[in-house]
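K.L.:
how would this look folded up:
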Amino acid sequence: MEAPSHSAIENADDIACFMDILNIESAIIVGSSYGGFSSLALAVNHPTRVRALIAIGPPMMKYAEMFIDTAEVASQFRKTTVAPSR
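P.N.:
Presented below is the predicted three-dimensional model:
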């Protein structure tokens, strides 16, 4: 059996649909870990649905390191913030 499709972007679309069902135009969104990542995707792809956003520990570093535009910033963050805290 093939696993169902799953991504933060699909989760964000699901949240927007759920908000439609509940007749919620916009809301304060809180997400932790992967839920924080899905919340960020909701804010980017459905900005009018998000009144405010609290993203607690979204797993962004691995994604930031994947792209040329953000890899240097991620590297500097690791060197100046993450490494000294260990």
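K.L.:
rest of the way, CA atoms for contacts and neighbours
P.N.:
Will do.
K.L.:
May I ask which helix or strand of this structure has the lowest mean pLDDT?
P.N.:
Least confident element among the helices and strands of the chain, by mean pLDDT, DSSP states H and E: helix 61-64 (a mean of 75).
K.L.:
and the helix or strand just after that one, what does it pack onto?
P.N.:
As assigned by DSSP states H and E, the chain's next helix or strand after helix 61-64 is helix 68-77. Using 3 or more Cα pairs under 8 Å, 6 or more residues apart in numbering; DSSP states H and E, the elements in contact with helix 68-77 are helix 61-64.
K.L.:
Measure how far the least confident helix or strand of the chain is from the centre of its chain, please.
P.N.:
Offset of helix 61-64 from its chain centre (Cα atoms, centre = their mean, to the nearest Å): 11 Å.
K.L.:
what does stretch 62-74 give?
P.N.:
Offset of stretch 62-74 from its chain centre (Cα atoms, centre = their mean): 15 Å.
K.L.:
Doesn't Gly42 belong to a strand?
P.N.:
For the record, residue 42 is Leu, not Gly. No: using DSSP: H, G, I helix; E, B strand; the rest coil, the secondary structure at Leu42 is helix, not a strand.
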